[in-house]
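1. Generate a structure from the sequence data that follows.
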Amino acid sequence: TLRPRFPSGPRNAWSRDSAFRVRRRSGQTTEPIALTAIIRLIEQDALERDDEVSIDGGTWRPAPEVTAMLQGEAPALGAGARPDFQGRFTQVDFPRLLYRYAITRATGRMRLIDGARQKEIFWRTGRPEYVTSTQKHELLGEYLVARRYLTRTQLNQVLGMLADFDGRLGDTLLHLKLISAADLFSVLGSHVKEKLLDLFSWSGGDYAFFGGEHTSTQIVPLELGAWPLINEGVVRQMPLAVLQQHFEPWYFRPVLRKRHRLLEAAQLDLTPRQLQIWNAVTHGPALDRQLGRLLAIPGVREADIYQVLFLMERLDFMGFE
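-> Have a look, this model is predicted:
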């Protein structure tokens, strides 16, 4: 998400109160829009290279120049603020990272960076409620096209009208009657969920947490809490080889089932098969002995077993002596 640092002098000639107008290649010109709206247009990739932008009634500038100016004043994802916590994470660390912030009922913004990929998770009292992404294929418009809610032609039409609706894609879609309100509500929730679940596939990256920060975007909060999301992320995104490698140091160590003080297994939304596997894990025998017995359960795959073991170990339901 763009987070501009407001200039103190005339060098860039804009402020938090500036009004922006967009002139399309066709000659069509929008009404004045606020800074937040022009930022939304940039984030939705809705400014074309041939568009022009006027700031506070000034000279028309090429849209790429204005985009670079706003981004240059504050690099993406909250530059300037000092995080409360920061560090590196690997793929097997990520579920544990989410667990820590959920179990402590954290509120704030979590920034995650892996090379050119950048995302933010906004937390409210331990629930991840909104996710932003810099990846073009994860923009809402691209998501709608990929899932056949819109054609590419319809998306281009919508993007061309965004400035007339303060940069709000959802409002533009509803105005053009391209999607129903019910479908839009459903899509917004699933879109945020998919952006979060994609993080489980990252091999690693850097994270920073900024306590107390909230998103200023109008959102549809995620309905699922952190625990079912972690379960689904592990199952859908983490390869068996990664899970097996995680347990290599403990193959011959006794398994310890733990009584969790703050969380119940029922809160994880375990499937009947997952629950069957977890109930068959016993306290005491070494992991290698337990694996052989678990593999003998009818209909259970090796991947099912490792997913359950990994989930319960990462969430402190299980450990090793």
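
2. CA only for contacts and neighbour counts going forward, please
-> Fine.

3. Just the mean pLDDT for stretch 168-183, thanks.
-> The pLDDT scores in stretch 168-183 average 90.

4. Distance across that stretch, terminal residue to terminal residue?
-> Using Cα to Cα, to the nearest Å, one end of stretch 168-183 lies 16 Å from the other.

5. which other residues reach it?
-> With Cα atoms under 8 Å, 6 or more residues apart in numbering as the test, stretch 168-183 has contacts from 37, 40, 141, 149-150, 158-159, 161-162, 165, 184.

6. Determine which two of the residues you listed are furthest apart.
-> Ala37 and Tyr149 (24.2 Å; Cα to Cα).

7. Comparing these two, which shows the higher neighbour count?
-> Neighbours per residue (other Cα atoms under 10 Å) separate Ala37 from Tyr149, with Ala37 holding more: 20 against 17.

8. Over to that one. Which of the three states is it?
-> When classified by DSSP: H, G, I helix; E, B strand; the rest coil, Ala37 comes out as helix.

9. quick one: the helices in the stretch 1-150 of the chain?
-> With DSSP state H, counting those that start in this stretch as the criterion, the stretch 1-150 of the chain has helices at 35-43, 63-73, 94-103, 140-146.

10. tell me the most buried of those?
-> helix 35-43 (a mean of 21; mean count of other Cα atoms under 10 Å).

11. Check the gap between the closest residue to Tyr99 other than its chain neighbours and Leu270 for me.
-> Closest residue to Tyr99 apart from its sequence neighbours, by Cα to Cα, 6 or more residues apart in numbering: Leu315 at 6.5 Å. Noted for Leu315: a distance of 13 Å to Leu270, by Cα to Cα.

12. try Arg261
-> From Arg261 to Leu270 the distance is 19 Å (Cα to Cα).

13. repeat for Ser180
-> Ser180 sits at a distance of 33 Å from Leu270 (criterion: Cα to Cα).

14. shouldn't Arg117 be in contact with Lys136?
-> No. Applying Cα atoms under 8 Å, one finds Arg117 not in contact with Lys136, separated by 10.0 Å.

15. can you count the residues close to Glu52?
-> Count around Glu52 with other Cα under 10 Å applied: 22.

16. In the strand or helix carrying Ala303, which residues are buried?
-> Ala303 belongs to helix 302-314 when assigned by DSSP states H and E. Within helix 302-314, the residues scored as buried using 16 or more other Cα atoms under 10 Å are 303-314.

17. export these to a markdown table and tack on pLDDT?
-> Below are the buried residues of helix 302-314 laid out as a markdown table (pLDDT from 0 to 100):
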| residue | pLDDT |
| --- | --- |
| Ala303 | 98 |
| Asp304 | 98 |
| Ile305 | 98 |
| Tyr306 | 99 |
| Gln307 | 99 |
| Val308 | 99 |
| Leu309 | 98 |
| Phe310 | 99 |
| Leu311 | 98 |
| Met312 | 98 |
| Glu313 | 98 |
| Arg314 | 98 |
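
18. so which of the residues you listed comes closest to Leu112?
-> Arg314 (19.4 Å).

19. about what we covered before: between Arg261 and Leu270, which has more neighbouring residues?
-> Looking at Arg261 and Leu270 with other Cα under 10 Å, you find the greater number of neighbours at Leu270, namely 17 against 8.

20. three-state assignment of that one?
-> coil.

21. Distance of it relative to Ala226?
-> In terms of Cα to Cα, Leu270 sits 13 Å off from Ala226.

22. May I see the contacts of stretch 168-183 arranged in a markdown table, with distance to Gln91 as well?
-> Shown next, in a markdown table, are these (distance: Cα to Cα, whole Å):
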| residue | distance to Gln91 |
| --- | --- |
| Ala37 | 35 |
| Arg40 | 31 |
| Gly141 | 28 |
| Tyr149 | 32 |
| Leu150 | 34 |
| Val158 | 37 |
| Leu159 | 35 |
| Met161 | 40 |
| Leu162 | 37 |
| Phe165 | 39 |
| Leu184 | 32 |
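
23. Need the worst-confidence member of these.
-> Model confidence across these bottoms out at Arg40, which has 72.

24. ok, that one touching Ala163?
-> No. In this structure, Arg40 is not within contact of Ala163 by Cα under 8 Å, at 9.0 Å.

25. so is Gly205 in a helix, a strand, or just coil?
-> Secondary structure state of Gly205, per three-state DSSP, is strand.

26. Not counting its neighbours along the chain, what's nearest it?
-> Leaving aside its sequence neighbours, Gly205 sits nearest to Asp114 (Cα to Cα, 6+ apart; 4.5 Å).
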